[in-house]
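S.K.: When you get a sec, could you give me coordinates for this:
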Amino acid sequence: MKLLILSGTPKKDGLSHSLVEVAREAALAQNAEVEVVQLTSLSACRMCDDGWGTCNKTHHCEFGDDGFNEYHEKIRWADGFVFITPVYWGEVSEGMKSFIDKLRRCEGTKQWNKNESNSQFFSGKSSILVASAGGGGGGIVSTFSQMERAVTHMGGSSYPYDVYGFFDYIAVNRWNQDYKREALKNAVTAFIKWFNNKTK
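M.R.: This next block holds a predicted model:
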């Protein structure tokens, strides 16, 4: 399995970063191909052409030299995803939001002009969603909803049919972080085994 871990934390340490490491190590232990993308360098969507520029016509960002176009190609490469974001004001981090906004404009618009060479990169793929709150975790549910909605807009499914859908949701806060790290490790392990079994 080729697993892409999408990290929305701007920090090199801390709770969210530790979860990225847990997911990466669990995947490597299962002999998966793993890449981690740190979504902290992206600029906001410029909404060119009244919001429907090249992303609508060619499904490519004209201003993606901030790293976005490279990350977009990694979505095509991957078999599955782990989204990990800190919770800021009941939402994903700014880096994750910039990525989702740009990606949704490139991928979500494919549903209106589908053809074989233009399939959505999330189609037929599954994700684990991880939201990490520094406080009590009151914004975790709305953060999950935001991520789930974005993935479904881009061709993912809400239901785990066959080898796609949302495999798991891991909600982490400062009090449950120890056993939730273990839960994330187990989720990534089970995710890879599940994928490999389904695609034999």
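S.K.: Tell me where this protein has strands.
M.R.: If DSSP state E is used as the criterion, the strands of the chain fall at 2-7, 33-38, 80-86, 126-132, 165-172.
S.K.: Going by neighbour count, which residues in the helix or strand of the chain with the lowest mean pLDDT are buried?
M.R.: Lowest by mean pLDDT, DSSP states H and E among the helices and strands of the chain is helix 54-57, with a mean of 83. Neighbour-count burial for helix 54-57 flags 54, 55, 56 (criterion: 16 or more other CB atoms under 10 Å). In short, each C-beta sits where N, CA and C put it, glycine included.
S.K.: sorry, back to before: can you redo the strands of the chain as a markdown table with mean neighbour count?
M.R.: What follows is the strands of the chain, written out as a markdown table (neighbours: other CB atoms under 10 Å):
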| stretch | mean neighbour count |
| --- | --- |
| strand 2-7 | 23 |
| strand 33-38 | 17 |
| strand 80-86 | 27 |
| strand 126-132 | 26 |
| strand 165-172 | 20 |
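S.K.: weakest of those by average pLDDT?
M.R.: Ranked by mean pLDDT, the strands of the chain end with strand 165-172 at the bottom, a mean of 92.
S.K.: what lines up beside that one in the sheet?
M.R.: strand 126-132 (parallel) (DSSP bridges).
S.K.: For the strand it pairs with, C-alpha coordinates in PDB please.
M.R.: This file holds the C-alpha atoms of strand 126-132, laid out as PDB (Å, rounded to 0.1, in the frame of the first residue of the first chain):
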ATOM      1  CA  SER A 126     -10.000   5.400   1.800                       C
ATOM      2  CA  SER A 127      -8.900   7.800   4.600                       C
ATOM      3  CA  ILE A 128      -8.300   7.900   8.300                       C
ATOM      4  CA  LEU A 129      -9.200  11.300   9.800                       C
ATOM      5  CA  VAL A 130      -7.300  12.500  12.900                       C
ATOM      6  CA  ALA A 131      -8.200  15.700  14.800                       C
ATOM      7  CA  SER A 132      -6.000  16.800  17.700                       C
END
